[in-house]
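Q: A structural model of the following input is requested.
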Amino acid sequence: MIRAALLIASLFFVGPLLAQQVLVSGVYKGHQPCEECKVIESELELMYGATDTSGEFSLRDKYISEPGGTNMASRVKGDWVMKQDIIDGQICKIVVLDYDNEDKIRYYRVKGDGNLLPLDADKHPVKATIDCTLKKVE
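A: Numbering: from 1, shown residues only. Alright, predicted model coming up:
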């Protein structure tokens, strides 16, 4: 009887916690606004380390110029960690790139569909005329 009660209690309390677990490893692609070029095509790969809340990343940005201009690309590698934060009164999961380097830190909010929304330094959504969501492709 006690075992049955413990099983029911664990399903009641642990089940919602498991449902909240967000698996973010994979490849994400999307576009970012650019003041000096037409648009930036971004590809972010998150790889797990010792846990499923931290690891290494590789971010490739391709700067697409206006017709007749020169396209440029950059690749940045580093460490990431997932944290919880309160944004607009809601508890959110945030992926933080280069969390140990204040000058290069980048924030992404994990959306309900598993995609990543870029945030500014104050952890507000980046304001742009295009959809900046990085969509999970792998």
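
Q: report the mean per-residue pLDDT for stretch 112-128.
A: Computed over stretch 112-128, the mean pLDDT rounds to 93.

Q: just the C-alphas of it, formatted as CSV.
A: What follows is stretch 112-128 as a C-alpha-only set of coordinates in CSV (Å, rounded to 0.1, in the frame of the first residue of the first chain):
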residue,chain,number,x,y,z
GLY,A,112,7.9,26.4,-26.1
ASP,A,113,8.5,24.8,-29.5
GLY,A,114,12.1,24.2,-28.7
ASN,A,115,13.5,26.9,-30.9
LEU,A,116,15.8,29.7,-29.7
LEU,A,117,14.9,33.4,-29.5
PRO,A,118,17.9,35.8,-29.4
LEU,A,119,17.9,38.2,-26.5
ASP,A,120,19.8,41.5,-26.0
ALA,A,121,22.2,42.2,-23.1
ASP,A,122,19.2,43.1,-20.9
LYS,A,123,17.6,39.7,-21.8
HIS,A,124,14.8,41.3,-23.9
PRO,A,125,13.9,39.9,-27.3
VAL,A,126,16.0,41.5,-30.1
LYS,A,127,13.9,44.1,-31.9
ALA,A,128,14.0,43.6,-35.6
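
Q: got the buried residues for that stretch?
A: Buried residues in stretch 112-128, counted by 16 or more other CB atoms under 10 Å: Asn115, Leu116, Leu117, Pro118, Leu119. Where C-beta positions appear, they are placed from N, C-alpha and C, glycine not excepted.

Q: any idea how far Asp103 lies from Ile94?
A: Here the criterion is CB to CB, to the nearest Å. By it, Asp103 lies 18 Å from Ile94.

Q: the more surrounded of the two?
A: Between Asp103 and Ile94, Ile94 has the larger neighbour count (other CB atoms under 10 Å), namely 18 against 5.
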